[in-house]
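Colleague: pasted the sequence and its predicted model underneath.
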Amino acid sequence: DDPITLIVEEPSTSPVVASSSAVMVPIESPFTMDGRLWVKSGWAYAFEEDAVVPFDRAGLSLLRGGISLHSRIRFGDDWFGEVSGKAVSDLAYMIKGWDEYSPEQLESARQEAVLYEAFIDGSVLPDWQIRVGRQIFSLGKADQLQVLDRLNPLDLRTPGLQEIQDIKLPVGAVKLSWSPLGVLTVSGALVSELRQAEMPVYGSEFYQAGSMALVDLWPESGEDENEYFVSADLNIGGWDLSLVYGYYLWDIPRLENRDGQMTRVYDRVHTAGGAAETALGPLILTLEGGYIHGFGFQADPDTECSRIDLLGGVSWKAPLGISIAMEVCLRHFPDLDETILMPFENAEQSAWESSLRLSRGFFHERLKFNVAAMLMGLEMENGGIIRADAVWELSDGFKAKITWADYLDGVSGMLKGAGDNDRILFSVTRSF
């Protein structure tokens with residue numbers, strides 16, 4: 001990956017000494033490739049046997065090895081392409097025994113070979129940029145909680161162990177951006193690939209339906225049902241402003257009995273909102289709001305409901321090199337009748353979510369400590385996740401990481417029954 005170097009000889013300007021000096025002019029290679037090799041293990045230490053689900057989730061939870069590759073190629077000055085992917089195999093299934101896992105688990109995560117991002121990007125006209133292929137989008141300004149940034153589905157099989165940007169799943173799309181001024185960018189994308197979120201499957205730690213095996217029903221793709229978004233971003237007077245309108249899959253299913261099979265049904269929704277971010281001395285302030293419409297509930301699936309999300313956040317580079325970031329979000333269902341909800345449907349008239357992240361580097365950033373918490377509800381009645389990890393750069397390209405994750409049980413929502421999933425993880429990564 002080292003750049004090719006061109007040595008240009010420049011004659012000396014001195015009239016006495018006829019010597020020359022070499023000037024190093026780097027030339028960027030048109031093709032680059034990098035990657036990572038890793039081994040990761042996990043141990044669940046708090047699991048209590050559940051008579052409802054006949055699978056042992058205690059002890060070794062994963063022993064996974066994998067490789068990820070990323071390549072980039074340039075086509076002239078204005079065009080480039082990128083391709084990335086990974087292959088993973090988990091030996092924990094073989095060590096613990098195949099009969100300790102449900103068929104859905106074995107199919108979901110035992111082995112994976114995934115094409116991640118794969119796109120071509122370039123300038124078609126002055127001020128116009130196009131990107132075609134599988135890609136990740138970033139909408140709004142929030143980093144830890146989602147309001148507007150929902151176009152990419154998420155990998156939710158083990159919540160809380162990674163940041164939002166690390167669990168996004170890329171989708172095939174065409175994105176067009178127009179930047180007529182240096183401070184304004186107008187973008188739009190049409191998604192051609194209907195990709196589902198990775199949900200917890202029957203028998204896994206975060207599966208909420210107990211011994212009931214559920215089937216997922218996703219909307220069919222079609223010419224009139226493609227997902228899309230349009231956005232406008234403006235930087236003016238020290239403020240980063242953003243407006244977003246989109247149409248995408250709603251990631252909260254409703255439960256329906258279809259021909260005797262309990263089914264999770266997913267709707268498509270419209271969303272509109274805006275975000276603003278500015279620096280105030282050592283602080284960065286974030287505001288974001290969104291209106292979502294078009295989803296239903298089991299008791300009345302034909303009625304389209306709405307939700308309003310309001311978020312505020314602040315990040316601070318504190319003394320002693322400590323970075324602090326916090327976000328708080330209110331999610332409000334203005335037309336929800338809580339009396340009609342079924343037990344599986346996790347919704348309240350108004351619900352709070354909050355997140356906090358602290359980080360600190362030592363030894364010239366070769367050792368980093370991070371603490372992150374996500375709390376659901378004003379009094380954590382819907383659970384929470386507390387995660388702490390340490391990353392040590394042993395040498396260039398060689399890192400070791402240890403993570404502790406504690407799950408707080410919730411009475412409803414994503415973390416209902418998740419309190420016994422506490423675990424410790426250790427990984428070693430070699431970059432090349």
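Modeller: Received the coordinates, thanks.

Colleague: Ser179: what's its closest spatial neighbour, skipping adjacent residues?
Modeller: Thr185 (4.7 Å; CB to CB, 6 or more residues apart in numbering). (Each C-beta comes from the backbone N, C-alpha and C, glycine too.)

Colleague: wait, a helix at the one you found?
Modeller: No - according to DSSP: H, G, I helix; E, B strand; the rest coil, the state of Thr185 is strand, so it is not within a helix.

Colleague: that one: neighbouring residues, count only.
Modeller: Using other CB atoms under 10 Å, Thr185 has 18 neighbouring residues.

Colleague: what bridges to it?
Modeller: For Thr185, the beta-bridge partners are Asp233 (DSSP bridges).

Colleague: now do the contacts for it.
Modeller: Contact criterion CB atoms under 8 Å, 6 or more residues apart in numbering gives Ser177, Trp178, Ser179, Ala232, Asp233 as the residues in contact with Thr185.

Colleague: tell me the one of these nearest Leu283?
Modeller: Comparing the contacts of Thr185 against Leu283 with CB to CB places Asp233 closest, at 21.3 Å.

Colleague: can you select the buried ones among the contacts of Thr185 for me in PyMOL?
Modeller: A single PyMOL command suffices to select whichever of those are buried according to 16 or more other CB atoms under 10 Å:
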select buried, resi 177+232+233
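
Colleague: got the contacts of Thr185 as JSON lines, with distance to Glu112 and pLDDT columns?
Modeller: Supplementary listing: these in JSON lines, determined by distance: CB to CB, whole Å; pLDDT from 0 to 100:
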{"residue": "Ser177", "distance to Glu112": "32", "pLDDT": "97"}
{"residue": "Trp178", "distance to Glu112": "37", "pLDDT": "96"}
{"residue": "Ser179", "distance to Glu112": "37", "pLDDT": "94"}
{"residue": "Ala232", "distance to Glu112": "37", "pLDDT": "97"}
{"residue": "Asp233", "distance to Glu112": "34", "pLDDT": "97"}
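
Colleague: confirm that Glu107 sits in a helix.
Modeller: Yes - applying three-state DSSP, one finds Glu107 inside a helix.

Colleague: ok, the residue nearest to it when sequence neighbours are not counted - how many residues close by?
Modeller: On the basis of CB to CB, 6+ apart, the spatially nearest residue to Glu107 that is not a chain neighbour turns out to be Val201, at 7.8 Å. Using other CB under 10 Å as the criterion, Val201 is surrounded by 21 other residues.

Colleague: report the beta-bridge partners for Ala390.
Modeller: Residues in beta-bridge contact with Ala390 (DSSP bridges): Phe369, Ile402.

Colleague: didn't it look like it was pressed against Lys368?
Modeller: Yes - counting by CB atoms under 8 Å, Ala390 does reach Lys368; the two are 7.1 Å apart.

Colleague: more neighbours: which of the two?
Modeller: Taking neighbours as other CB under 10 Å, Ala390 and Lys368 compare with Lys368 leading, 17 against 14.

Colleague: next one: the more buried one from Asp251, what distance?
Modeller: 31 Å (CB to CB, to the nearest Å).

Colleague: same deal with Leu243?
Modeller: Counting by CB to CB, the gap from Leu243 to Asp251 is 22 Å.

Colleague: could you do Val314 as well?
Modeller: Distance from Val314 to Asp251, counting by CB to CB: 26 Å.

Colleague: who has more neighbours out of the two?
Modeller: Neighbours per residue (other CB under 10 Å) separate Val314 from Asp251, with Asp251 holding more: 17 against 14.

Colleague: and the strand or helix carrying Thr286, what does it pack against?
Modeller: With the criterion set as DSSP states H and E, the secondary-structure element containing Thr286 is strand 283-297. Strand 283-297 makes packing contacts with strand 254-258, strand 268-280, strand 300-317 when contacts are defined by 3 or more CB pairs under 8 Å, 6 or more residues apart in numbering; DSSP states H and E.

Colleague: JSON lines for these, including distance to Ala325?
Modeller: Shown next, in JSON lines, are these (distance: least, CB to CB, whole Å):
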{"stretch": "strand 254-258", "distance to Ala325": "33"}
{"stretch": "strand 268-280", "distance to Ala325": "12"}
{"stretch": "strand 300-317", "distance to Ala325": "4"}
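
Colleague: re the thing from before, out of the contacts of Thr185, which one sits closest to Leu125?
Modeller: Nearest to Leu125 out of the contacts of Thr185 is Trp178 (CB to CB; 9.1 Å).

Colleague: wait, what's in contact with that closest one?
Modeller: Under the criterion of CB under 8 Å, 6+ apart, the neighbours of Trp178 are Asp127, Trp128, Gln129, Thr185, Val186, Ser187.

Colleague: since that was my last question, I'll sign off now.
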